[in-house]
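Novice: Sharing a model that was predicted from the sequence below.
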Amino acid sequence: MRRRLINSTLAVVLVVIAVFGVSLVIVETRTISNSAQESVDSEALRLVSVVDSKVLEDVALEPDVLAEQIGANRYARIVIPGRAPVEIGKRPTGSVIRSTVTGEQGETVTVEESRSTVTDELGRTLLIIGAVALLAVIAAVLLAVRQANRLASPLTDLAETAERLGSGDPRPRHRRYGVPELDRVADVLDASAERIGRMLTAERRLAADASHQLRTPLTALSMRLEEITVTEDLDTVKEEASIALAQVERLTDVVRRLLTNSRDPRTGSAVVFDLDEVVKQQVEEWRPAYRSAGRAIVRSGKQGMRAVGTPGAVAQVLAALVENSLMHGGGTVALRTRVTGNQAVIEVTDEGPGVPSDLGARIFERTISGRNSTGIGLAVARDLAEADGGRLELLQAHPPVFALFLSRVAREREEPAKTVR
């Protein structure tokens, strides 16, 4: 591209120089020739007037005196009737410029000049024109090289940016070049890079959330199937199979929620639901896991409450908190329900060491974990809570108390608080 720009610019300059240069040479040639002819004519007229005065006075013509009236490189011949011709200067050879004038006394004056003087002056003029044309060509080449670099370098840089985008590096470069068209291309590439970056982030987040969120329902489902395989009681098999089917439905809901949140994290499907059923479901699902770990999980607090939210999302939030207590906590895990103002609160607490002091509120940030875990569970739980208009907070670090706040719908009759193991 640089070569094309340079060649095209140079071609334009050469055409302009050719057109104007040839015209200028023609004009200058005519001007110099006419000027030389006019100069010879003028000297011939001046010389004939001097000769006229000499003839009238009957004075002898002195060549030295007459030579002062013409140029040093010119030749003059004066012919007077009845007298010998008078010659001044050396007669030029070859092509000449000639002017012949007849005086009032019948004398004839001829002035000649070699055309080589005109050729020499024309050569000097052509040399000046050629030097100016050469300077114009050099300036055009330098300007073309500068302009080519100015245009080609940004295009090379934009090509590298596009190649980086294609190779999976979506970082925008935010470079501008002072050329409106190129800056527009750079704006489009930067906007594309930002969109690609958001898409890649969303895909990575979806993959991480899916691997984390599907693990808990699959683990619970696996435990129910194991219960079915080791028992021979038909009623127990039916009960466990019913629970397993419910967990399959939960698994389907988890997948749907993940896909929905991947498109728009703010999307929610909040409804009025029975909070006791969700809490009871989580206690029953996690009880075998806690029993295997030699620990207990209980629920207590006000019952008969109804809240606004997505039951599946609330179950996932509680599952994340219960699993977090199972992995990092200790002793008995308690799910307590209470009312504060127009909100229903579900607290999850255990008897473990709690949240490290250096983490604090950062415990909800992605990749933040106190004990070599993924650091995704609590972040996803907070996102799910906020998607339905609720919020998830750490009320106390030692011992840990996590609280899920949901909008509450009052019932005509709410049961008093009690503890269920």
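Specialist: Structure received. Residues are numbered from 1 along each chain as shown.
Novice: Let's test this: mean pLDDT of the helix or strand where Arg4 lies, rounded?
Specialist: Assigned by DSSP states H and E, Arg4 belongs to helix 2-56. When pLDDT is averaged over helix 2-56, the result is 84.
Novice: Pull the helix or strand following that helix out as PDB, backbone CA atoms only.
Specialist: Once the chain leaves helix 2-56, the next helix or strand it forms, by DSSP H and E, is helix 63-67. Once non-C-alpha atoms are left out, helix 63-67 reads as follows in PDB (Å, rounded to 0.1, in the frame of the first residue of the first chain):
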ATOM      1  CA  PRO A  63      33.500  52.900 -36.300                       C
ATOM      2  CA  ASP A  64      34.700  53.200 -32.700                       C
ATOM      3  CA  VAL A  65      32.100  55.900 -31.900                       C
ATOM      4  CA  LEU A  66      29.300  53.900 -33.600                       C
ATOM      5  CA  ALA A  67      30.300  50.700 -31.800                       C
END
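Novice: Check the offset of stretch 329-349 from the chain's centre.
Specialist: 49 Å (C-alpha atoms, centre = their mean, to the nearest Å).
Novice: buried set for that stretch?
Specialist: By 16 or more other C-beta atoms under 10 Å, the buried positions in stretch 329-349 come out as 329, 333-337, 343-349. In this view, the C-beta of every residue, glycine as well, is placed from N, C-alpha and C.
Novice: how near is Ala296 to Trp286?
Specialist: 10 Å (C-beta to C-beta, to the nearest Å).
Novice: just for this protein, where's the confidence low?
Specialist: 1, 202-217, 250, 254, 257-269, 360-361, 367-376, 410-421 (pLDDT under 70).
Novice: And the helices in it, which stretches?
Specialist: Along the chain, counting by DSSP state H, helices occupy 2-56, 63-67, 115-166, 180-213, 215-230, 234-263, 275-292, 311-328, 377-387.
Novice: could you redo those as a markdown table and give each row distance to Val96 and mean neighbour count?
Specialist: Shown next, in a markdown table, are these (distance: least, C-beta to C-beta, whole Å; neighbours: other C-beta atoms under 10 Å):
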| stretch | distance to Val96 | mean neighbour count |
| --- | --- | --- |
| helix 2-56 | 9 | 15 |
| helix 63-67 | 18 | 13 |
| helix 115-166 | 6 | 14 |
| helix 180-213 | 63 | 15 |
| helix 215-230 | 112 | 16 |
| helix 234-263 | 98 | 15 |
| helix 275-292 | 122 | 18 |
| helix 311-328 | 112 | 23 |
| helix 377-387 | 105 | 22 |
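Novice: quick one, which of those is nearest to Ile80?
Specialist: Smallest distance to Ile80 across the helices of the chain (C-beta to C-beta): 6.5 Å, for helix 2-56.
Novice: didn't Glu351 look like it was pressed against Val298?
Specialist: No - counting by C-beta atoms under 8 Å, Val298 is not a contact partner of Glu351; they are 11.7 Å apart.
Novice: Need the overlap of contacts for those two.
Specialist: Thr332 (C-beta atoms under 8 Å, 6 or more residues apart in numbering).
Novice: sorry, back to before: I'd like the helices of the chain written out as a markdown table, with distance to Val401 added.
Specialist: As requested, these are arranged in a markdown table below (distance: least, C-beta to C-beta, whole Å):
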| stretch | distance to Val401 |
| --- | --- |
| helix 2-56 | 69 |
| helix 63-67 | 127 |
| helix 115-166 | 47 |
| helix 180-213 | 23 |
| helix 215-230 | 21 |
| helix 234-263 | 26 |
| helix 275-292 | 16 |
| helix 311-328 | 10 |
| helix 377-387 | 14 |
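Novice: And the ones you listed: which comes nearest Leu359?
Specialist: Ranking those by their distance to Leu359 (criterion: C-beta to C-beta) puts helix 377-387 first, at 10.3 Å.
Novice: Just name the closest of the buried residues of stretch 329-349 to Ala67, please.
Specialist: Gln343 (125.6 Å).
Novice: Mind listing the residues bridging to that closest one?
Specialist: On the basis of DSSP bridges, Gln343 is bridged to Thr340, Ser407.
Novice: contacting residues for it?
Specialist: 405-408.
Novice: between the residues you listed, which is closest to Asp388?
Specialist: Distances from Asp388 to these, taken by C-beta to C-beta, are shortest for Leu406, at 7.5 Å.
Novice: Neighbours of the nearest residue to that closest one once chain neighbours are set aside, how many?
Specialist: Spatial nearest neighbour of Leu406, excluding adjacent residues (C-beta to C-beta, 6 or more residues apart in numbering): Ala307 at 4.0 Å. Ala307 has 26 neighbouring residues, counting by other C-beta atoms under 10 Å.
Novice: which other helices and strands contact the helix holding Arg4?
Specialist: Judged by 3 or more C-beta pairs under 8 Å, 6 or more residues apart in numbering; DSSP states H and E, the packing partners of helix 2-56 are helix 63-67, strand 74-79, strand 96-102, strand 108-114, helix 115-166.
Novice: Okay, domains of this structure per the record?
Specialist: Following automatic domain parsing, one gets these domains for the chain: 2-138, 170-203, 214-265, 268-421.
Novice: a markdown table please, covering these and showing distance to Ala152.
Specialist: Output for those, formatted as a markdown table (distance: least, C-beta to C-beta, whole Å):
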| stretch | distance to Ala152 |
| --- | --- |
| domain 2-138 | 5 |
| domain 170-203 | 11 |
| domain 214-265 | 42 |
| domain 268-421 | 43 |
